[in-house]
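Peer 1: need a structure here:
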Amino acid sequence: MKNISVRGFKAAGVSAGLKKSGHKDLGMIFSQHPANVAGLFTKNRVQAAPVLIDKERITSGVCQAIIVNSGNANCCTGDQGINDARTMAKLAASELEIPEELVLVASTGVIGKPLPIKKIGRAIPDLVEALHPEGIDDLAKAIMTTDTVPKKASRKIELDGNWFTIAGVVKGAGMIRPDMATMLCFVCTDADVSAKTLKTTLIEAANRSFNRITIDGDTSTNDTILILANGLSEVIILDPEHQHVFQDALNEILLDLAKQLVSDGEGVTKLVEIIVQGAMSDADARKIGDTIANSPLVKTAFFGEDANWGRIVAAAGRSGATINPDKIDIYFDDAQMVKNGMGSGKKAETSATSVLKKPEFTVTVDFNCGDGSASILTCDFSLEYVKVNAAYRS
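Peer 2: Model (predicted):
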């Protein structure tokens, strides 16, 4: 992917020595002018210090910089963690010569360890010095933990003869499920968008993307999405038509990032879309989709390329949704494996097994009892996932 830039924004990533590997672990986004901001945060009741700080500050609707570290979550660290998060913002503000309240913070990594704030403080001058209009790639690298590749996306959109840009980065490979599911995501646009509109469009875009993915069924303590709009393109997103254009672009960006996130999940070899249709309601469809997508038995079958449809039916049956087992149809892509709750035979299984050998495929479960539908992006569950998480702290 070519270098990404958004008018009026700079970004950077450096090594502060938080990771044993010496890789980049401290990042920043900076807007030339104060930007309107909105955010979404984890629904986990255990929330990291940066999340608590940001939820306070974001109520102003204005932000000019984000400073973020990987390698340490600054979670379950008590009053000291809160103080460290505030110090991190204060030091960044001082170096940038902007008000402290215009700096938001984020952290990701191991829970329960004190934040190495002195290391971060020593690295902040180099971080600010490294800020660059095309620094988003370095930022994407700096926020990685068990990710194997940096994840970024951008769109350039024409509107009434002018154009604006939206760009974003995301990190996350484990502890990922709906409930504002991601680890960290930062989005910048040079469109002129109010904080209120940013919030409403962000909620819809997240519901279409990060809130319908799962890697392992866990919700992080640090999940954060922040979107900043500095208006330097002079494209004003105000009337409904313009809001629709902006919404579509933001939906595309977040869905692109969400797919990258699932594809790079810990040990992932398959990207799978679970489509539920014909349920009694959308709520029932979502229950069923979540249960299938998070089932370890279903996910291990995907990894083993085993068309074990019984696991899918069993997951649907324990979802709590109203179903009629005798009406269930299941398809792997276009190969029908189950009709009216019964297997379709060896020929169908051979076709379904061929589908499961692909790196990306769709599983459609039709309950033929209503108009409810839902879609969830999930993945397989491999031996590598266990290895990565067994050795995470070591």
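
Peer 1: Under the pLDDT cut-off, which ranges of the stretch 51-200 of the chain? List them.
Peer 2: Along the stretch 51-200 of the chain, segments meeting pLDDT under 70 span 174-182.

Peer 1: let's see 80
Peer 2: By pLDDT under 80, the low-scoring segments of the stretch 51-200 of the chain are 173-183.

Peer 1: Please apply the same query to the stretch 201-350 of the chain.
Peer 2: Short version for the stretch 201-350 of the chain, where the test is pLDDT under 80: 215-220, 265-267.

Peer 1: And the strands in it, which stretches?
Peer 2: 224-229, 271-279, 329-332, 335-339, 342-343 (DSSP state E, counting those that start in this stretch).

Peer 1: Format the CA atom coordinates belonging to the third one as PDB.
Peer 2: What follows is strand 329-332 as a C-alpha-only set of coordinates in PDB (Å, rounded to 0.1, in the frame of the first residue of the first chain):
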ATOM      1  CA  ASP A 329     -30.400 -25.300   5.800                       C
ATOM      2  CA  ILE A 330     -26.600 -24.900   5.900                       C
ATOM      3  CA  TYR A 331     -24.400 -23.800   3.000                       C
ATOM      4  CA  PHE A 332     -20.600 -23.600   2.700                       C
END
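
Peer 1: Pairing partners for that strand, with directions?
Peer 2: The strands beside strand 329-332 in its sheet (DSSP bridges) come out as strand 335-339 (antiparallel), strand 360-366 (antiparallel).

Peer 1: ditto for the first one
Peer 2: Strand 224-229 sits in its sheet next to strand 26-41 (antiparallel), strand 184-189 (parallel), going by DSSP bridges.

Peer 1: Show me the longest helix that occurs in this structure.
Peer 2: Secondary structure assigned by DSSP state H gives helix 240-263 as the longest helix of the chain.

Peer 1: Check which helices and strands that helix is in contact with.
Peer 2: Packed against helix 240-263 by the contact rule (3 or more Cβ pairs under 8 Å, 6 or more residues apart in numbering; DSSP states H and E) you find strand 151-159, strand 162-171, strand 184-189, helix 195-207, strand 271-279, strand 372-379. For every residue, glycine as well, the C-beta is placed using N, CA and C.

Peer 1: closest one to residue 74 among these?
Peer 2: Nearest of the helices and strands packed on helix 240-263 to residue 74, taken as Cβ to Cβ: strand 184-189 at 12.6 Å.

Peer 1: okay, the strands of the stretch 201-350 of the chain, which one's buried deepest?
Peer 2: strand 224-229 (a mean of 28; mean count of other Cβ atoms under 10 Å).

Peer 1: between that one and strand 162-171, how many degrees?
Peer 2: On the basis of axes from the mean of the first three to the mean of the last three Cα atoms, to 10 degrees, strand 224-229 is oriented at 160 degrees to strand 162-171.

Peer 1: Run the chain-centre distance for strand 224-229.
Peer 2: Centroid separation for strand 224-229 versus its chain: 12 Å, with Cα atoms, centre = their mean, to the nearest Å.

Peer 1: can I get the CA coordinates of that strand in CSV?
Peer 2: Extracted in CSV, the C-alpha atoms of strand 224-229 (Å, rounded to 0.1, in the frame of the first residue of the first chain):
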residue,chain,number,x,y,z
THR,A,224,-10.7,2.3,21.9
ILE,A,225,-11.7,3.9,18.6
LEU,A,226,-11.0,7.6,18.1
ILE,A,227,-11.9,9.6,15.0
LEU,A,228,-10.5,13.2,14.5
ALA,A,229,-11.8,15.7,11.9
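
Peer 1: Can you measure across stretch 70-80, start residue to end residue?
Peer 2: Start to finish, the residues bounding stretch 70-80 are 18 Å apart (Cα to Cα, to the nearest Å).

Peer 1: Now it: buried residues?
Peer 2: 70, 71, 72, 73, 74, 75, 77 (16 or more other Cβ atoms under 10 Å).

Peer 1: hmm, back to that, tell me the buried residues in the longest helix of the chain?
Peer 2: Quick answer for helix 240-263 (16+ other Cβ under 10 Å): 242, 245-247, 249-263.

Peer 1: and the nearest residue to residue 48 once chain neighbours are set aside, what is it in contact with?
Peer 2: Computed as Cβ to Cβ, 6 or more residues apart in numbering, the closest residue to residue 48 that is not its neighbour in sequence is residue 75, at 3.6 Å. With contact taken as Cβ atoms under 8 Å, 6 or more residues apart in numbering, residue 75 is in contact with 46, 47, 48, 49, 81, 107, 111, 112, 221, 222.

Peer 1: any idea what sits nearest the fifth one, other than its immediate chain neighbours?
Peer 2: Excluding the flanking residues, the one nearest residue 81 by Cβ to Cβ, 6+ apart is residue 49, at 3.9 Å.
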